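Please find the sequence and the predicted model below.
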Amino acid sequence: MSIELQNQPQRQKKAYDLGNFRILIAEDFPFISELLSSSLKEMGVKQIFKAENGLVAKDRILNYNAVSSSSNIDVLILDWLMPEMNGQQLLDWIRSHKSDSIRFMPVIICSAYTSREMVEKIRDLGANEAMVKPVAADKLASRILYVIDKPRPFIKTDSYFGPDRRRREVKFAGEDRRKTTAEEIHTHVEELE
């Protein structure tokens with residue numbers, strides 16, 4: 001099974017085969033975890049792993065992504081409020097890890113609490129995307145496909161490591177007053193056919 005994304009400007013459909021995609025869901029509520037899992041299965045994802053808290057998710061990530069291989073987890077869907085190790089602690093651990101196959105992992109935050117301030121905080125901590133609970137299947141698909149179609153380069157500064165927080169290029173006419181320069185780190189993303 002494959003999912004299709006309709007690009008609004010071109011009005012063309014693009015099909016994706018997510019059969020080999022590996023997704024980890026870190027969610028402490030079994031109902032939400034099962035809802036996400038069912039939606040992913042409908043999209044054609046065959047390899048779905050679950051973790052009931054951040055510590056279990058951390059162990060699964062270490063098991064599958066300690067070294068770069070074809071068995072790496074491709075995307076983490078991460079609940080923000082969990083026992084043992086919450087989403088922020090796990091995201092911090094991921095983005096500061098020494099293994100590239102862990103620290104470059106795309107992370108989609110899934111939370112019932114997504115105020116503007118929360119979304120900015122999530123972005124500033126290095127998440128790729130954010131979703132609001134309850135999650136509709138089309139929103140889940142769009143976030144995953146955004147990570148696939150529009151991978152943002154990773155940026156490293158003294159105080160940040162993660163995907164470029166800017167979504168669009170805007171020309172700046174003023175003086176650049178940044179105290180440190182950002183190092184842009186490109187990741188290699190395989191195209192799905």
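Cool, the structure landed. Numbers count the residues shown, from 1 in each chain.

all contacts plus neighbour counts: C-alpha atoms, from now on.
Will do.

Buried ones in stretch 75-94, by neighbour count?
75-82, 85-88, 90-91, 94 (16 or more other C-alpha atoms under 10 Å).

Also stretch 123-140?
For stretch 123-140, by 16+ other C-alpha under 10 Å, it's 123-131, 135, 140.

Report the backbone C-alpha coordinates of it in CSV.
C-alpha atoms of stretch 123-140 as CSV (Å, rounded to 0.1, in the frame of the first residue of the first chain):
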residue,chain,number,x,y,z
ARG,A,123,11.3,24.1,17.4
ASP,A,124,14.0,25.7,19.5
LEU,A,125,14.9,22.4,21.0
GLY,A,126,15.4,20.7,17.6
ALA,A,127,12.1,19.0,16.7
ASN,A,128,11.4,18.7,13.0
GLU,A,129,7.6,19.0,13.2
ALA,A,130,4.8,19.3,15.7
MET,A,131,1.2,17.9,15.7
VAL,A,132,-1.8,18.5,17.9
LYS,A,133,-3.7,15.6,19.6
PRO,A,134,-6.0,14.1,18.7
VAL,A,135,-4.2,13.4,15.4
ALA,A,136,-6.1,13.1,12.2
ALA,A,137,-4.6,10.6,9.7
ASP,A,138,-4.1,13.3,7.0
LYS,A,139,-2.2,15.5,9.4
LEU,A,140,0.0,12.6,10.4
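
I'd like the average pLDDT over it.
For stretch 123-140, mean pLDDT is 92.

Give me the distance from that stretch to the chain's centre.
8 Å (C-alpha atoms, centre = their mean, to the nearest Å).
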